[in-house]
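**Q** 3D, please:
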Amino acid sequence: MTNVYIISAPSGSGKSTLVNSVRKIIPGLDFSISYTTRPPRGDEQNGREYFFVQRAEFEQMLRNDEFLEHAEVFGNCYGTARRFLREAEQRGHDLLLDIDVQGAEQIKRKITDAVSIFILPPNRQELETRLRHRSLDAENVIQTRLVTATREIENYAKYDYILVNDRLEDSIEALKSILLAERLNRSGDRNSAAAADTLARAECWRLSNVRERLQPILASFVPEGAMDTKRK
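**A** So this is what the prediction gives:
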């Protein structure tokens, strides 16, 4: 049976780097490349980062019910094609979906046993630094992304696992453990020492086990005025 993994994160959290890394490590893991109406950025290539299509083509796919999920973000449309799930099932592979919180909610309604993972930056300041370091966006776009990140992070409690992307190597190992642990849970092969270790590593990032650690991260995204109002 195909495991479906949903990964969401604010723009600039390092999600793409983590996803690309685990795809090289874990066999039998397919990746759904989203369709989008936005133009390519930097050295992005059609069919690698996204399928870049005109809005008319996207809307035709929507009318044909070709998407598992779709959303409009910053004036551009994004969608996950159903065919990726069919192809993964035919190959006996698992499927990894890199989608935003809107899309994640749609997928969870359709595939109730999908495993959801939310990736957080260490704090708001670090997220802003990463966005500026990319040099892909104008100042107004960066500010919009930071506001959007605050709204997205408010949805963290809807996810099964929360991974704080502080140190890249540690985060890659954590994400790998989560994906492999869910395979073990589905297969029932949990009795070996190696399986027990993988399950324990993954469990560290389950929502119920990271709530306390998340508090200062979440607080960094709350404007000072809002915090003062809450105290009153």
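**Q** residues touching the longest helix along the chain, excluding its own?
**A** Scanning the chain for the longest helix, with DSSP state H as the assignment, gives helix 168-187. Contacts to helix 168-187, defined as Cβ atoms under 8 Å, 6 or more residues apart in numbering, come from residues 1, 3, 5, 14, 17-18, 21-22, 25-26, 29, 94, 96, 115, 117, 119, 161, 163-165, 190, 195, 198-199, 201-205. C-beta coordinates here come from the backbone N, C-alpha and C atoms, glycine included.
**Q** try 6 Å
**A** Residues outside helix 168-187 that contact it (Cβ atoms under 6 Å, 6 or more residues apart in numbering) are 3, 18, 21-22, 25-26, 115, 161, 163, 165, 190, 195, 198-199, 201-202, 205.
**Q** next, residue 77: phi, psi?
**A** phi -90, psi 140 (degrees, to the nearest 10).
**Q** how many other residues sit next to it?
**A** 20 (other Cβ atoms under 10 Å).
**Q** ok, residue 112 next?
**A** Other residues within reach of residue 112, judged by other Cβ under 10 Å, total 7.
**Q** now swap in residue 31 and tell me
**A** Residue 31: 17 surrounding residues under other Cβ under 10 Å.
**Q** what bridges to residue 35?
**A** Listed beta-bridge partners, residue 35: residue 51, residue 79 (assigned using DSSP bridges).
**Q** correct me, but it touches residue 49?
**A** No - with contact defined as Cβ atoms under 6 Å, residue 35 does not reach residue 49; the gap is 11.4 Å.
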